[in-house]
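Visitor: no sequence on this one, just coordinates:
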């Protein structure tokens, strides 16, 4: 049975817990600056640990949670007394390095983004900082520092999201008592300033300036097929193009770990022409058609750096200004365009994302949307003006004295028009729309 013993040190009351361990050896743990009530509570937990140590069973939930909450100093004393195992003290840089190494299944872009976030954490908190010593208030300071440095909201949001992810694992491993980043607001990851709709006239100039048919295919697949470039574009093989059914099977490395490694898109007319051109050129040059397993794009085998660099050269050759997120905005422009013609769930299925993701990161409001809305508004105004102009003479006529017996009768079409207008007079006075066709005038 553990007992609490009071000691006087330098005129202050201090407490220690004395007990016999499972080997019946007397031990004591000095608690430092705690009051008697807390010392007695610790003694209860020590009794529980001794009991479970003797029985060879894990401590109950309440004691296990208490062990996660205690400080490192008390944890070390309990470990030295043989009541618990040595608590692992992990440093920030070492833990993050191990985390990155365990994500070998992630895509290169994902690894790059994770590393960017680890750099921001290490630069702020220090490489040798113990994980359990990072406090929520310090996390608030870290977020504010990124804001002060002028980082985009989307960048800040991603860094915070990754920090929560890192420390969630640390918490599961018992390296930290709680996640200090859990209450930190992430904000939005969308950045509307980087969005740009790339219209067909711009794409036509781009394709015209392309140095080869392969580059015409790359640009067309991104803009008119909505493929992720480079991953999906470079994965495309001639066997994926079904000329008979007019469909293309897209291999998607980005979504394969979610069980959606493939999807099917239509062989859009814009793609049909350029793919046929590429197919025929290969057949003419080699005396045979390309094999089913051969890649459509043969000059690039991976990585986006070369594609982006070459696309920038093509833009300069075409006399065009580069836009943000070169290939993403080509893909996003296609999704925006298709959603004007097809249901959004169909388009999301074709492009391999969800309606929610499309609305957040892809769909854009274009000048064509404003033009169409303005045209409809003008059309409605014209109709209203026509009705008003037609009805006005009728109202004036109602104020005009009846014609005398000697007045000549109305003749021909004029007679029919006035009669029709008068027949619809009640409706015209109460509505701004023309009567439906086929309804007889009122008597």
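Guide: In hand now; what should we look at? Quick caveat, the model's predicted, so the values are computed rather than measured. Numbers count the residues shown, from 1 in each chain.

Visitor: got the residue ranges for the strands in the stretch 201-350 of the chain?
Guide: Using DSSP state E, counting those that start in this stretch, the strands found in the stretch 201-350 of the chain span residues 241-242, 247-251, 262-266.

Visitor: can you map out the helices along the stretch 1-150 of the chain?
Guide: Assigned by DSSP state H, counting those that start in this stretch, the stretch 1-150 of the chain shows helices spanning 36-55, 61-69, 72-80, 92-101, 108-125, 136-148.

Visitor: in the fifth one, what counts as buried?
Guide: Think helix 108-125. Neighbour counts using 16 or more other Cβ atoms under 10 Å place 113-114, 117-118, 120-122, 124-125 of helix 108-125 among the buried residues. Every residue, glycine included, has its C-beta placed from N, CA and C.

Visitor: circling back to that earlier point, adding mean pLDDT and distance to residue 177 as columns, could you present the strands of the stretch 201-350 of the chain in JSON lines?
Guide: Shown next, in JSON lines, are these (pLDDT from 0 to 100; distance: least, Cβ to Cβ, whole Å):
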{"stretch": "strand 241-242", "mean pLDDT": "96", "distance to residue 177": "56"}
{"stretch": "strand 247-251", "mean pLDDT": "95", "distance to residue 177": "44"}
{"stretch": "strand 262-266", "mean pLDDT": "93", "distance to residue 177": "44"}
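
Visitor: quick one on the thing from earlier: output the helices of the stretch 1-150 of the chain as a markdown table; include the columns mean pLDDT and distance to residue 216.
Guide: Output for the helices of the stretch 1-150 of the chain, formatted as a markdown table (pLDDT from 0 to 100; distance: least, Cβ to Cβ, whole Å):
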| stretch | mean pLDDT | distance to residue 216 |
| --- | --- | --- |
| helix 36-55 | 88 | 72 |
| helix 61-69 | 77 | 60 |
| helix 72-80 | 83 | 63 |
| helix 92-101 | 90 | 39 |
| helix 108-125 | 91 | 26 |
| helix 136-148 | 92 | 41 |
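
Visitor: still on that earlier bit, point out the most buried one among the strands of the stretch 201-350 of the chain.
Guide: Greatest average neighbour count among the strands of the stretch 201-350 of the chain goes to strand 247-251 (a mean of 18), per mean count of other Cβ atoms under 10 Å.

Visitor: what angle sits between that one and strand 262-266?
Guide: Angle, strand 247-251 to strand 262-266, by axes from the mean of the first three to the mean of the last three Cα atoms, to 10 degrees: 150 degrees.

Visitor: what does strand 247-251 contact?
Guide: 225, 227, 232, 235-236, 240-242, 261-267, 271, 352 (Cβ atoms under 8 Å, 6 or more residues apart in numbering).

Visitor: Quick check: end-to-end length of stretch 236-256?
Guide: 15 Å (Cα to Cα, to the nearest Å).

Visitor: returning to what we had before: quick one: the helices of the stretch 1-150 of the chain as a markdown table, columns for distance to residue 181 too.
Guide: Supplementary listing: the helices of the stretch 1-150 of the chain in a markdown table, determined by distance: least, Cβ to Cβ, whole Å:
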| stretch | distance to residue 181 |
| --- | --- |
| helix 36-55 | 29 |
| helix 61-69 | 17 |
| helix 72-80 | 20 |
| helix 92-101 | 12 |
| helix 108-125 | 10 |
| helix 136-148 | 5 |
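
Visitor: Which of those sits closest to residue 317?
Guide: Shortest separation from residue 317 across the helices of the stretch 1-150 of the chain is recorded for helix 108-125, at 27.6 Å, computed as Cβ to Cβ.

Visitor: follow-up on the earlier one: save the strands of the stretch 201-350 of the chain as CSV, and put in distance to residue 67 too.
Guide: Listed next are the strands of the stretch 201-350 of the chain as CSV, based on distance: least, Cβ to Cβ, whole Å:
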stretch, distance to residue 67
strand 241-242, 61
strand 247-251, 49
strand 262-266, 48
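
Visitor: Any idea which of the helices of the stretch 1-150 of the chain gets closest to residue 160?
Guide: Of the helices of the stretch 1-150 of the chain, nearest to residue 160 by Cβ to Cβ is helix 136-148, at 6.4 Å.
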